[in-house]
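A.B. asks: No letters, just coordinates:
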């Protein structure tokens, strides 16, 4: 084979491999994506429930076993502003950067990039029950809630806004 044929062959093989990887790599539903993408993604995750729109909660939610999942949106067909998981009835699972069971659950639901981002995130502050973390890709809010542990993913650029809101709600009546 001459050099140009080898190059074309290698280029086509590489391009085909990339196309296959992209085709089988699962989409990740994360804040700032369209809710339709999140709902479709949730259907591909065996751990997650079917999501239904709840106009009072301004988002999509569902429960499967002891796991509750939700995604807050700007409108019924809008952009996800934050999403979260609450696991109840399992005292060994606490959403902390050092809890292997929680990190494994995040890896199973999202992927290792999100699980690692949370695991390596930097603790920022605690306000009330909420602990705020800054990752490289996203910001996170973890909390111990009645009967379980809660975890939220928020856009990194909105971390200070969420912290300010939590501080405000410490001294004012907030509709949570």
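C.D. replies: That came through fine. Predicted model, so just to flag it, every value in this text is computed and none were measured. Numbering: from 1, shown residues only.
A.B. asks: Now do the strands in the protein.
C.D. replies: Taking DSSP state E as the criterion, the chain contains strands spanning 52-54, 59-64, 67-73, 80-88, 122-127, 130-134, 138-145, 148-155.
A.B. asks: where's the first one relative to the chain centroid, distance-wise?
C.D. replies: Taking CA atoms, centre = their mean, to the nearest Å, one finds strand 52-54 lying 18 Å from the centre of the chain it belongs to.
A.B. asks: What helices and strands are in contact with it?
C.D. replies: Applying 3 or more CB pairs under 8 Å, 6 or more residues apart in numbering; DSSP states H and E, one finds that strand 52-54 makes contact with strand 59-64. Just so you know, the C-beta spots here come from the backbone N, C-alpha and C atoms, and that holds for glycine as well.
A.B. asks: so what strands line up beside the strand it packs on?
C.D. replies: strand 52-54 (antiparallel), strand 67-73 (antiparallel) (DSSP bridges).
A.B. asks: List of residues touching the shortest one?
C.D. replies: Contacts made with strand 52-54 from outside it, assessed by CB atoms under 8 Å, 6 or more residues apart in numbering, are listed as 59, 60, 61, 62, 76.
A.B. asks: buried ones in it?
C.D. replies: For strand 52-54, the neighbour count (16 or more other CB atoms under 10 Å) marks no residue as buried.
A.B. asks: just stretch 140-160 next, same as before
C.D. replies: Using 16+ other CB under 10 Å as the burial criterion, the residues of stretch 140-160 that qualify are 140-143, 148-156, 158-159.
A.B. asks: Do me a favour and average the pLDDT over that stretch.
C.D. replies: The predicted model assigns stretch 140-160 a mean pLDDT of 95.
A.B. asks: what about the strands of the chain, which gets the closest to residue 164?
C.D. replies: strand 122-127 (9.6 Å; CB to CB).
A.B. asks: Okay, and the beta partners of residue 68?
C.D. replies: residue 63, residue 86.
A.B. asks: on that earlier part again, including distance to residue 171, could the strands of the chain go into JSON lines?
C.D. replies: Putting those into JSON lines (distance: least, CB to CB, whole Å) gives the following:
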{"stretch": "strand 52-54", "distance to residue 171": "28"}
{"stretch": "strand 59-64", "distance to residue 171": "26"}
{"stretch": "strand 67-73", "distance to residue 171": "23"}
{"stretch": "strand 80-88", "distance to residue 171": "22"}
{"stretch": "strand 122-127", "distance to residue 171": "11"}
{"stretch": "strand 130-134", "distance to residue 171": "15"}
{"stretch": "strand 138-145", "distance to residue 171": "19"}
{"stretch": "strand 148-155", "distance to residue 171": "22"}
